[in-house]
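**Q** Let's see this in three dimensions:
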Amino acid sequence: MNRRRFLQGLLGTTAAAAWGLPAALPAAEAPQRIQFVFAQVRYRGGDWDPRPRAVTPLMEELMRRTSVTAALERRVVRLTDPELFSFPFLYMAGKYDFQPFSEEEVLNLRRFLSFGGFLLADNTLGQLGYGFDRRFRAEIQRVLPGREMRKVSLTHALLRSYYLLRRIGGRVATSSFIEGIQLGETTPVVYSHNDLAGAWERDGLGRWSHPCVPNGEEQRRDAFHLGINLILYAMTGNYKQDLIHVPFIRRRLTQ
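**A** Okay, the predicted model is just below:
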């Protein structure tokens with residue numbers, strides 16, 4: 001997805017709404033072009049797919065709240081797949097310990113992150129120092145040696161890319177913050193401890209699969225908002241630093 005074309009489309013839709021004009025519609029015979037695909041990493045060992053129904057509700061909310069056209073179904077990829085570099089966004093989830101990355105996987109993920117890709121890791125167990133948490137921290141250090149995982153400030157573009165977030169949602173409230181790794185001016189790795197996917201997931205009948213504790217639906221809403229923010233950040237980067245977007249940002253701040 002070209003960053004400039006995505007932003008032009010996003011701003012154009014918003015501007016039309018602001019002036020009370022109808023947004024341009026695609027020709028009836030032309031299908032909408034998919035702008036975003038949610039790609040999930042399949043790894044060896046542990047539990048790579050703890051929330052198999054979480055993606056579609058998030059994609060529905062993304063399209064309801066923004067002008068992004070997304071595929072409703074996720075794409076499952078391995079770190080050795082050639083198509084890995086076709087996606088701007090990777091999601092990696094788990095509860096338990098898993099097998100260490102191979103040298104090929106380490107190199108591929110390092111290239112992906114260094115070339116502008118984004119990785120969201122989600123600890124769906126919601127416990128620190130155990131299982132997925134311990135293994136992921138070890139493996140990401142192999143991928144980006146010497147790069148420390150740090151607390152993400154509430155003023156970071158990650159938490160302001162669409163919604164202005166002051167709380168970190170999820171199925172559980174293990175942590176009041178997310179962590180990230182900085183590369184230059186961007187943060188290509190984000191790690192959530194609160195089981196975001198557990199808050200997004202619905203069962204086969206459309207009901208929420210899991211309660212959000214201790215703050216209920218407010219916590220679930222924050223999880224959806226964070227998911228949308230992270231997707232837009234992955235697609236556009238630190239776009240708020242560009243003056244062309246100031247009018248759009250101001251409109252968002254007043255909503």
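
**Q** The longest helix along the chain: how far from the chain's middle?
**A** Counting by DSSP state H, the longest helix found in the chain is helix 216-236. Offset of helix 216-236 from its chain centre (C-alpha atoms, centre = their mean, to the nearest Å): 7 Å.

**Q** Output the contacting helices and strands for it.
**A** helix 3-18, helix 55-65, strand 89-94, strand 118-123, strand 186-192, helix 196-200 (3 or more C-beta pairs under 8 Å, 6 or more residues apart in numbering; DSSP states H and E). In short, each C-beta sits where N, CA and C put it, glycine included.

**Q** got any ranges where the stretch 151-255 of the chain has weak pLDDT?
**A** Counting by pLDDT under 70, the stretch 151-255 of the chain shows low-confidence ranges at 238-255.

**Q** how about a cut-off of 80?
**A** Across the stretch 151-255 of the chain, the ranges flagged by pLDDT under 80 are 237-255.

**Q** Which pLDDT value goes with the closest residue to Ser102 other than its chain neighbours?
**A** In this structure, Ser102 finds its nearest non-sequential neighbour in Thr80, 7.7 Å apart by C-beta to C-beta, 6 or more residues apart in numbering. pLDDT, Thr80: 98.

**Q** what about the strands in the stretch 51-200 of the chain?
**A** Counting by DSSP state E, counting those that start in this stretch, one finds strands in the stretch 51-200 of the chain at the ranges 75-77, 89-94, 118-123, 150-151, 179-183, 186-192.

**Q** By neighbour count, which bits of the third one are buried? Give me those.
**A** By that I understand strand 118-123. Neighbour-count burial for strand 118-123, counted by 16 or more other C-beta atoms under 10 Å, picks out Phe118, Leu119, Leu120, Ala121, Asp122, Asn123.

**Q** chain center to it: distance?
**A** Per C-alpha atoms, centre = their mean, the centroid offset for strand 118-123 relative to its chain is 7 Å.

**Q** what does the fourth one give?
**A** Taking C-alpha atoms, centre = their mean, one finds the center of strand 150-151 at 17 Å from the center of the full chain.

**Q** before we move on, what about stretch 47-62?
**A** 11 Å.

**Q** as a whole number, average confidence for that stretch?
**A** Average pLDDT, stretch 47-62: 98.

**Q** can I have that stretch written out in CSV, keeping just the CAs?
**A** The C-alpha trace of stretch 47-62 is given here as CSV (Å, rounded to 0.1, in the frame of the first residue of the first chain):
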residue,chain,number,x,y,z
ASP,A,47,0.1,-22.0,20.5
TRP,A,48,0.4,-19.6,17.5
ASP,A,49,-3.4,-19.3,17.1
PRO,A,50,-5.1,-18.8,20.5
ARG,A,51,-7.8,-16.5,19.2
PRO,A,52,-8.8,-17.8,15.7
ARG,A,53,-12.0,-15.6,15.5
ALA,A,54,-10.5,-12.3,16.6
VAL,A,55,-9.6,-10.7,13.2
THR,A,56,-12.9,-10.4,11.5
PRO,A,57,-14.6,-8.3,14.2
LEU,A,58,-11.5,-6.0,14.2
MET,A,59,-11.6,-5.6,10.4
GLU,A,60,-15.3,-4.8,10.5
GLU,A,61,-14.7,-2.1,13.1
LEU,A,62,-11.8,-0.8,11.1
